[in-house]
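Trainee: No letters, just coordinates:
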């Protein structure tokens with residue numbers, strides 16, 4: 001009810017679901033709403049996904065002889081002390097995604113993240129996991145030559161590192177594909193409701209969607225734009241390859257996974 005309240009919200013999917021359940025969002029369907037894949041939008045238009053990506057493995061090809069491309073590869077003895085996450089999975093979204101992806105690669109599911117913890121416990125036991133939280137600075141110093149992170153962040157680093165003499169390779173592991181998209185929503189009490197709707201129309205236009213793509217994020221309308229011939233093909237060609245259609249855990253599944261992580265992460269990587 002205040003004039004400084006946000007008109008539009010850019011939210012992680014679990015927050016978008018919560019906001020919709022609490023009646024905080026205004027239903028609105030952009031012109032391209034029909035092209036947003038099922039499962040990536042609220043049927044009433046209270047929220048809809050906008051851009052996102054996949055968990056990926058980034059690797060300094062000059063420091064690492066053969067870059068790993070799967071979670072299974074990461075267990076090889078040649079990667080001793082080299083495998084890092086971007087943060088602590090009990091606090092960091094990308095690190096949480098990394099453990100979830102590892103679970104999917106090792107017989108787990110959206111309902112069972114435990115195999116992901118077991119995987120990192122094994123990485124820790126064989127000496128491959130490093131507790132140093134990966135950042136561009138730690139990569140440059142050679143402290144984290146292999147980093148598990150969102151593909152749009154890793155792909156962005158590749159361009160940045162090139163000018164510094166690093167050869168940063170990025171791959172989405174086929175054995176553990178975990179995707180997350182960010183959602184757009186309009187505040188039910190938006191101070192500028194018409195401007196909010198115009199902004200959403202812009203974000204879901206070909207121009208707006210191609211801007212996400214230029215930043216290495218995968219726009220939600222990518223498939224529809226490819227068919228329509230409006231996709232920026234040069235920017236799309238720079239993305240790490242991935243096959244199949246993304247699927248997402250529910251809010252309930254994510255909450256349970258976070259509980260399991262909170263209780264077991266410290267034990268999995270301690271010592």
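Mentor: Alright, I've got the coordinates. Because the structure is a prediction, the values reported are computed rather than measured. Numbering: from 1, shown residues only.
Trainee: Over to residue 69: give its phi and psi.
Mentor: phi -120, psi 0 (degrees, to the nearest 10).
Trainee: Wait, it touches residue 170, no?
Mentor: No. With contact defined as Cβ atoms under 8 Å, residue 69 does not count as touching residue 170 (9.8 Å). From N, CA and C alone the C-beta is placed, and that goes for glycine too.
Trainee: who has more neighbours, those two?
Mentor: residue 170 (25 against 18; other Cβ atoms under 10 Å).
Trainee: So that one is in contact with residue 154, correct?
Mentor: Yes. At 4.4 Å, residue 170 and residue 154 qualify as touching, with contact defined as Cβ under 8 Å.
Trainee: which neighbours do residue 69 and residue 170 share?
Mentor: Residues touching both residue 69 and residue 170 by Cβ atoms under 8 Å, 6 or more residues apart in numbering: residue 57.
Trainee: ok so, going back, find residues that contact each of residue 170 and residue 154.
Mentor: 56, 57, 58, 240.
Trainee: Please flag which of those residues sit within strands.
Mentor: Secondary structure defined by DSSP state E assigns 56, 57, 58 of the shared contacts of residue 170 and residue 154 to strands.
Trainee: Can you lay out those residues as TSV showing neighbour count and distance to residue 198?
Mentor: Converted to TSV, those look like this (neighbours: other Cβ atoms under 10 Å; distance: Cβ to Cβ, whole Å):
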residue	neighbour count	distance to residue 198
56	29	34
57	27	40
58	28	37
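Trainee: Take those and lay them out in CSV including distance to residue 189 and pLDDT.
Mentor: What follows is these, written out as CSV (distance: Cβ to Cβ, whole Å; pLDDT from 0 to 100):
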residue, distance to residue 189, pLDDT
56, 38, 97
57, 43, 98
58, 41, 97
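Trainee: So which elements touch the helix or strand containing residue 50?
Mentor: Using DSSP states H and E, residue 50 maps to strand 48-60. When contacts are defined as 3 or more Cβ pairs under 8 Å, 6 or more residues apart in numbering; DSSP states H and E, strand 48-60 packs onto helix 93-105, strand 146-150, helix 151-162, strand 168-171, strand 179-187, helix 206-214, strand 218-219.
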